[in-house]
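1. predicted model and sequence follow; I will ask about them next.
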Amino acid sequence: MRAGFLLSYSTSVSHSSPPLRIITVGHVDHGKSTLLGRLLYDTQSLSHEQLVSLHAASAAEGKELELAFVLDAFLEEQAENITMDITQIPFRTAERHYVMMDAPGHKEFLKNMLTGASSAEAAILLVSIVDGLQEQTRRHLQLLSLLGINQVIVVINKLDLIDFSQEAFEQASHLTQQLFEEWSLPVPQIIPTAASLGENIASLSSQMPWYQGQTVLQSLDALTPRISLKTAPLRFVIQDIYPSGKFPLVVGHVESGSLSLSEELVFWPQGSQQRRTSVRSIEEWGASSSPQCAFAGESIAITLEDSIFVQRGDIASNPQELPLQRNDLSIRLFWLEAMPLLMDQEMFLQLGTQRIPGRVTCIENRLDPNTMTLIVRSPRSLHQHEVADVRFHVCQPLVFDYYEELPATGRVTITNEKGLVGAGIIIRQKNESRS
């Protein structure tokens, strides 16, 4: 950790409304860490002690203010405090709370975007004015289109490196709009910035008087939550179990809904009477006292009244609104691997913290990735960056919801021995019921 810089602010949020969850998308060196650090800095989400540490860490590196250090320190603290499958960066504006979900690389982004651990409702796409749009940007937008994430803020960064050129920004903006139209996404808010200097982040830039649109923070506050995760069915994804005396800590993430002290929970798979118990206590990192309830978007630990077997990969629900569990699924799949997908290949299907071996038993339809309309019926294979509806069989039941009903537990990734090879959403076939 640089110069002993340590973050200690709480990740807890107001229970009056769940935070808006946003995925950040950007290439290495396009300024994503600096932008996230700037958002924390400009929203006064850092204490006086943290600001002193930030300036000391920057001075030790011979820099006036290196905002990327904020994110580096936060990631290190989060890794030390709790086993997390996604990086969550909380902050607030005067309007609402946010959780920014950050992934350091392309495949990490794909995994976090498309698993139940990451129920993003909007995205920030960061593009360097120097490097411009890259092929990876196309893949990110293709996935956003596939998932129906239509609220995207485009931040064209590093305008300070080209003397805040209006002409260069307008050219980049035009190319960006063309790309969004190509993937059938609404034309986004496009903002010229210099994140390292704070230009157009919290207030309009005096260096770019030709731009009179929204700032980044204004654009964030203008976003609309896609669904009410707070009132959705409870889905508590178990990430780990920590021994803690008589009552082990069950650590997880509330993907949707809420849970309360003494509430009855059903643990899946199986969901049998032997896997039912009630919440004895709720523990939250950074909270001054044990909360009485927890809501969508929060990472917490709970203890249980009864000693039942719970493990990583389980999902807890309430007894009234149950998830599905099946061995055979219909998936709208985006294939990422250079080698084509063939039927009966052995792979792993992942949803949240579940990871189950299985195989594709049928490739039903290959789809146009822009319009999701049929191109070829029953193709023999699926090639890189193609989309198809497939049937997937897993060797033990997968716990899930249809994506159209609850996106948080309707997204999956597919891996093999080499890593991530595909991602998609679980869809309902015609005349298919929840029974």
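-> Nice, I can see it.
2. what bridges to Phe295?
-> Ser258 (DSSP bridges).
3. if I look at it, how far off is Ala60?
-> The gap separating Phe295 from Ala60 is 39 Å, by Cβ to Cβ, to the nearest Å. Quick note: C-beta positions are derived from backbone N, CA and C, even for glycine.
4. quick one: which of the two has more around it?
-> Phe295 (24 against 14; other Cβ atoms under 10 Å).
5. what pLDDT is listed against Thr353?
-> Per-residue confidence (pLDDT) for Thr353: 93.
6. give me the neighbour count for it.
-> Thr353 has 21 nearby residues by other Cβ under 10 Å.
7. Leu322 contacts Gly271, doesn't it?
-> Yes: here Leu322 lies in contact with Gly271, judged by Cβ atoms under 8 Å, at a distance of 6.5 Å.
8. mind checking which of those two has more residues around it?
-> Gly271 (19 against 15).
9. so what's that one up against?
-> Neighbouring residues of Gly271 by Cβ atoms under 8 Å, 6 or more residues apart in numbering: Ser317, Leu322, Gln325.
10. quick check: it is in a helix.
-> No: per DSSP: H, G, I helix; E, B strand; the rest coil, Gly271 lies outside any helix segment and is coil.
11. Ser378 versus that one, what's the distance?
-> 35 Å.
12. and the helix ranked longest in the chain, what's its mean pLDDT?
-> Looking across the chain with DSSP state H, the single longest helix is helix 166-182. Helix 166-182 carries an average pLDDT of 93.
13. got the buried residues for it?
-> Using 16 or more other Cβ atoms under 10 Å as the test for burial, helix 166-182 gives Ala168, Phe169, Ala172, Ser173, Thr176, Leu179, Phe180.
14. next: stretch 380-395.
-> Buried positions in stretch 380-395, judged by neighbour count with 16+ other Cβ under 10 Å: Leu382, Glu386, Val387, Ala388, Asp389, Val390, Arg391, Phe392, His393, Val394.
15. can I get those residues in JSON lines including secondary structure and distance to Ser307?
-> Compiled in JSON lines, these are given as follows (DSSP: H, G, I helix; E, B strand; the rest coil; distance: Cβ to Cβ, whole Å):
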{"residue": "Leu382", "secondary structure": "strand", "distance to Ser307": "46"}
{"residue": "Glu386", "secondary structure": "coil", "distance to Ser307": "48"}
{"residue": "Val387", "secondary structure": "strand", "distance to Ser307": "46"}
{"residue": "Ala388", "secondary structure": "strand", "distance to Ser307": "45"}
{"residue": "Asp389", "secondary structure": "strand", "distance to Ser307": "43"}
{"residue": "Val390", "secondary structure": "strand", "distance to Ser307": "40"}
{"residue": "Arg391", "secondary structure": "strand", "distance to Ser307": "39"}
{"residue": "Phe392", "secondary structure": "strand", "distance to Ser307": "35"}
{"residue": "His393", "secondary structure": "strand", "distance to Ser307": "34"}
{"residue": "Val394", "secondary structure": "strand", "distance to Ser307": "29"}
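16. would you format those as TSV with pLDDT and distance to Ser219 included?
-> Putting the buried residues of stretch 380-395 into TSV (pLDDT from 0 to 100; distance: Cβ to Cβ, whole Å) gives the following:
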residue	pLDDT	distance to Ser219
Leu382	92	36
Glu386	86	33
Val387	88	29
Ala388	90	35
Asp389	92	35
Val390	94	37
Arg391	95	41
Phe392	96	38
His393	97	43
Val394	97	40
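17. tell me which two of those residues sit farthest apart.
-> Glu386 and Val394 (22.3 Å; Cβ to Cβ).
18. packing partners for the longest helix of the chain?
-> helix 135-147, strand 152-157, strand 189-192 (3 or more Cβ pairs under 8 Å, 6 or more residues apart in numbering; DSSP states H and E).
19. single out the most deeply packed of the ones you listed.
-> Mean neighbours per residue, mean count of other Cβ atoms under 10 Å, is largest over the helices and strands packed on helix 166-182 for strand 152-157, with a mean of 25.
20. by contact count, what packs against that strand?
-> Counting by 3+ Cβ pairs under 8 Å, 6+ apart, strand 152-157 packs on strand 122-128, helix 166-182, strand 189-192, helix 216-221.
21. swap the cut-off to 6 Å and go again
-> strand 122-128, helix 166-182, strand 189-192 (3 or more Cβ pairs under 6 Å, 6 or more residues apart in numbering; DSSP states H and E).
22. how far does that strand sit from the chain's center?
-> 17 Å (Cα atoms, centre = their mean, to the nearest Å).
23. for it, list the C-alpha coordinates in PDB.
-> Output of strand 152-157 as PDB, limited to C-alpha atoms (Å, rounded to 0.1, in the frame of the first residue of the first chain):
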ATOM      1  CA  VAL A 152     -25.000   4.400 -20.400                       C
ATOM      2  CA  ILE A 153     -23.000   7.500 -19.700                       C
ATOM      3  CA  VAL A 154     -20.000   8.000 -22.000                       C
ATOM      4  CA  VAL A 155     -17.000   9.800 -20.600                       C
ATOM      5  CA  ILE A 156     -14.500  11.000 -23.200                       C
ATOM      6  CA  ASN A 157     -11.500  11.500 -21.000                       C
END
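24. let me know the angle separating it from helix 166-182.
-> 150 degrees (axes from the mean of the first three to the mean of the last three Cα atoms, to 10 degrees).
25. where does pLDDT dip in the protein?
-> 1-18, 71-87, 103-119, 226-227, 286-287, 369-372, 430-435 (pLDDT under 70).
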